[in-house]
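**Student:** Structure, please.
(2 chains)
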There are 2 protein chains.
Amino acid sequence: MATTDPDVRVCFVGDSFVAGLGDSTGLGWVGRLANESHRRGLSLTAYNLGVRGDTSMLVCERLSREVAPRLAHAEIPRIVVSFGVNDTALENGTTRVSREESITALRGINTASGPTELMLIGPPAVDDDTQNERISALSEVLQEESQRLGIPFVGCFESTVNNFVWRHEVREGDGFHPDAAGYEHLATIIQVPLLEWLTPHANGASQQ
Amino acid sequence: MATTDPDVRVCFVGDSFVAGLGDSTGLGWVGRLANESHRRGLSLTAYNLGVRGDTSMLVCERLSREVAPRLAHAEIPRIVVSFGVNDTALENGTTRVSREESITALRGINTASGPTELMLIGPPAVDDDTQNERISALSEVLQEESQRLGIPFVGCFESTVNNFVWRHEVREGDGFHPDAAGYEHLATIIQVPLLEWLTPHANGASQQ
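**Tutor:** Here you go, the predicted model:
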């Protein structure tokens, strides 16, 4: 029906950071990015599939069945995935998901996405510095594996771990999630590579 | 973990009106309601599971598998469902879903929700007055069946069909969806009964 606007539909699949937990505006980084995209003239349909507490393995497990009904009729379908903080959380003395399992989950997500283009957003920093060491290490191996798989990767750890606004809001919050200003910062980090990746290019239009 | 705040998690399952299509703020009525709830001190976790083009039957088909991972750990889980406009859309001369099938879908949704409390939001008006007649008739039978099933029902048709802002924005838009002011109006209609229903009451707390 659309004569000019490309029909871009994006599923954002991940954890509570994707869901925007703690953001009193209700937008989160996904909502802010969708708005910014709209302001630039690219009216994408954003489906937020962030679930509190989800690890890489849980994201992998539900990805294809939740993405399918949302992208079935899209001219330009895209999947953005983000996880990692919950993988590194301790449960009975060990992390909820091992480094190897996180990598296996990423490979599974890549397979489950089929021909749909995929982008990975790395995990941000939390208030606990020993967990931050694990998040940093996981982010690095996720980046390496993404490169191997040909998945564009946007790191968020370095840009949040030393950011005053982020750290302050996380500490004032629940120790994990910031409020609006933190999510605004996260959106700013992700915005440039994500919107560039989502924008249909003249020479890429025929791929759809 | 929460010592004072009740952990209320709500899945909003439905169509493009639930997804907030056309709202340039990205909030839709679901985002506005979540914000209003937050302002009143009830910090609910809102999962938006609206999908463009979904009929009652498609909502019924995916409800339980999408709701399960989101409400599994909630102290107070709730499901809000909304559909109807797509049921009444014409495809090859007949409606996509018959009146009887819509009712059957509502019964299926009620069953799929299991013990989780459910609320139904009726469909709003669109720009086409012959489709509006079908939406109005469907809204009435949905209300009747909801009463039979003991599901709280919030009608939106009467409050949108004669509302200038709603009709104007829908006409200026794609003929179906309004922009921000229309969604603000829709949120205002739904807000009072929905927030009342979501707020844990002293004598209802033991139900959880």
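
**Student:** Name the SS class of the nearest residue to residue A:43 once chain neighbours are set aside, please.
**Tutor:** Once flanking residues are discounted, residue A:43 sits nearest to residue A:5: 5.7 Å by CB to CB, 6 or more residues apart in numbering or on different chains. Placement of C-beta: from N, CA and C, glycine included. Following DSSP: H, G, I helix; E, B strand; the rest coil, we place residue A:5 in the coil state.

**Student:** before we move on, what about the one 4 residues further on?
**Tutor:** Assigned with three-state DSSP, residue A:9 falls in the strand class.

**Student:** Check which helix or strand the closest residue to it other than its chain neighbours maps to.
**Tutor:** Distances taken as CB to CB, 6+ apart put residue A:74 closest to residue A:9, at 3.7 Å, once the chain neighbours are dropped. Counting by DSSP states H and E, there is no helix or strand that carries residue A:74.

**Student:** Now for residue A:74, how many residues are close by?
**Tutor:** Using other CB atoms under 10 Å in any protein chain shown, residue A:74 is surrounded by 19 other residues.

**Student:** do the same with the one 10 residues further on
**Tutor:** Using other CB under 10 Å, residue A:84 has 26 neighbouring residues.

**Student:** Can you check what pLDDT the model gives it?
**Tutor:** pLDDT, the model's per-residue confidence, is 98 for residue A:84.

**Student:** Any buried residues in the lengthiest helix in chain A, and which?
**Tutor:** Looking across chain A with DSSP state H, the single longest helix is helix A:129-149. Across helix A:129-149, burial judged by 16 or more other CB atoms under 10 Å in any protein chain shown covers A:131-132, A:134-136, A:138-139, A:142-143, A:145-146.

**Student:** if we can go back for a sec, can you pull the contacts of the residue nearest to residue A:9?
**Tutor:** A:7-9, A:45 (CB atoms under 8 Å, 6 or more residues apart in numbering or on different chains).

**Student:** which bits of chain A sit near chain B?
**Tutor:** A:1, A:9, A:19, A:21, A:24-27, A:31-32, A:34-35, A:38, A:45-48, A:51-54, A:58, A:62, A:65-66, A:69-70, A:73 (CB under 8 Å from any CB of the partner chain).

**Student:** For PyMOL, write the select line for the buried members of those residues.
**Tutor:** To isolate the buried members of these in PyMOL, using 16+ other CB under 10 Å:
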select buried, chain A and resi 9+19+21+25+26+27+31+32+34+35+38+45+46+47+48+51+52+54+58+62+66+69+70
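
**Student:** Could I get the contacting residues of residue A:113?
**Tutor:** Here residue A:113 is in contact with A:63-64, A:67, A:79 (CB under 8 Å, 6+ apart).

**Student:** for those residues, which one is nearest residue B:127?
**Tutor:** residue A:67 (30.9 Å; CB to CB).

**Student:** what's the nearest residue to the closest one if we skip its chain neighbours?
**Tutor:** residue A:11 (4.8 Å).
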